[in-house]
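Enquirer: got a structure for you, letters missing:
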DNA sequence: CGCTTGATCAATCAAATGGTTGATTAAGAG
DNA sequence: CTCTTAATCAACCATTTGATTGATCAAGCG
């Protein structure tokens, strides 16, 4: 996957949506997001509830960071991880974009069925396929 | 991977969320979702815009189906694929759940900052989990 | 300075994934 | 029945990923 497939050379690197959805596809990373929603935390704090090493958690955070979902700052030798709520909102925006289209289409179809419209009008409206 | 092993009982089995986010992590599958938002379609119709075989598209649809994002029915020898808007809504619901928590926390923090709080203390206030 | 803590880097390994080609099933059409 | 179309199944290959262990780096602390 991730191959160009179009010859235009535009899709060279996986975009932010790829990384963001991929990041949330893992239960450990989702748990990290859940934890971070309540406040910033360090790698060690995040690693504690799980039966995986800190190195693994560090990698997970790298994934979340490259997906733009979290940011990291410096506080002495600690590197607190911060959840970016705006990035989450961009995800829901993408999903809703198509969800709303599908729902409005469903509502229109529902109306047609309720109104018992003439076959010709139905055929017209059905060109949205 | 995908192992809970934490005993906290948060995420146990290969969840629907896993599959759903994983499904949307692929640009081809997102394009399929975008196309399906405008109406049901067959494998061949979906495969046409892409430089991949119909078998590959069939696999993508299987992934989307196991993620609960689409359903398939029978129409003679055709098997139209249908987008499940409710499944998309469940995804946004999960994201928003934590996005809203993070945002409300940010607003509280914002209020604290407005009350003349130095950046160092900001990190300490972060302990309001 | 050496020592401890927090975090990352590096090499490695098993398992999963995306895609392909080729064969096969399901349902109609001639 | 034979042929065509739609779609899936099956075997296979290349790449990627998650996780581990061991070493390394960075920043205080005694």
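Expert: The structure has been received and is ready for your questions. All values derive from a computational prediction rather than experimental measurement.
Enquirer: wouldn't residue A:54 be in contact with residue A:48 here?
Expert: No - taking CB atoms under 8 Å as the definition, residue A:54 is not a contact partner of residue A:48, at 9.2 Å. All C-beta atoms are positioned from the backbone trio N, CA, C, and that covers glycine.
Enquirer: What parts of chain A come near DNA strand C?
Expert: Contact residues, chain A versus DNA strand C (CB under 7 Å from any atom of the strand): A:1, A:3, A:42-45, A:54-55, A:58, A:61-62, A:72, A:77-80.
Enquirer: Contacts for stretch A:53-64 next, please.
Expert: A:19, A:22-23, A:26, A:28-29, A:32-33, A:43-44, A:46-47, A:50, A:70, A:72, A:81 (CB atoms under 8 Å, 6 or more residues apart in numbering or on different chains).
Enquirer: Next step: those residues restricted to strands.
Expert: Among the contacts of stretch A:53-64, DSSP state E puts A:70, A:72, A:81 in strands.
Enquirer: and the longest helix seen in chain A, which residues are buried?
Expert: With secondary structure taken from DSSP state H, chain A has its longest helix at helix A:85-115. For helix A:85-115, burial by neighbour count (16 or more other CB atoms under 10 Å in any protein chain shown) applies to A:85, A:87-89, A:91-92, A:94-95, A:98-99, A:101-103, A:105.
Enquirer: hmm, back to that, ok, and which of the residues of chain A next to DNA strand C reach DNA strand D?
Expert: Among those, DNA strand D is touched by A:55, A:77 when using CB under 7 Å from any atom of the strand.
Enquirer: Residue A:28: what's it in contact with?
Expert: A:50, A:52, A:57, A:60.
Enquirer: Leaving out chain neighbours, which residue sits closest to the third one?
Expert: Of all residues not flanking residue A:57 in the chain, residue A:47 sits nearest, at 4.2 Å (CB to CB, 6 or more residues apart in numbering or on different chains).
Enquirer: Looking at the ones in strands among the contacts of stretch A:53-64, which is nearest residue B:66?
Expert: residue A:70 (28.4 Å; CB to CB).
Enquirer: That closest one against residue A:83, yeah?
Expert: Yes - between residue A:70 and residue A:83 there is a contact under CB under 8 Å: 5.6 Å.
Enquirer: Per-residue pLDDT of residue A:64, please?
Expert: As predicted, residue A:64 sits at a pLDDT of 96.
Enquirer: Sorry, wrong one. I was asking about residue A:39.
Expert: On the pLDDT scale, residue A:39 is placed at 93.
Enquirer: Can you give me the neighbour number for it?
Expert: Neighbour count for residue A:39, taken as other CB atoms under 10 Å in any protein chain shown: 19.
Enquirer: Phi, psi for it please.
Expert: phi 150, psi 160 (degrees, to the nearest 10).
Enquirer: That one touches residue B:104, doesn't it?
Expert: No - contact criterion CB under 8 Å: residue A:39 and residue B:104 do not qualify, at 11.8 Å.
Enquirer: Where do the domain boundaries of chain A fall?
Expert: Split into domains by automatic domain parsing, chain A comes to A:16-83, A:87-128.
Enquirer: Show me which residues of chain A sit near DNA strand D.
Expert: Near DNA strand D, when you scan chain A using CB under 7 Å from any atom of the strand, you find A:22, A:26, A:28, A:51-53, A:55-56, A:59-60, A:63, A:76-77.
Enquirer: Of those, grab the buried ones for ChimeraX.
Expert: Here is the ChimeraX command that selects the buried residues among the residues of chain A next to DNA strand D (16+ other CB under 10 Å):
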select /A:22,26,28,52,60,63
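Enquirer: The residues of chain A next to DNA strand D: which two are farthest apart?
Expert: Every pair of these checked by CB to CB; the farthest is A:22 and A:76, at 31.9 Å.
Enquirer: And residue A:118, what's its pLDDT?
Expert: So residue A:118 comes in at 46 (pLDDT).
Enquirer: And for residue A:74?
Expert: pLDDT, residue A:74: 86.
Enquirer: for residue A:122, same thing?
Expert: So, for residue A:122, pLDDT stands at 43.
Enquirer: Good, we can wrap up now.
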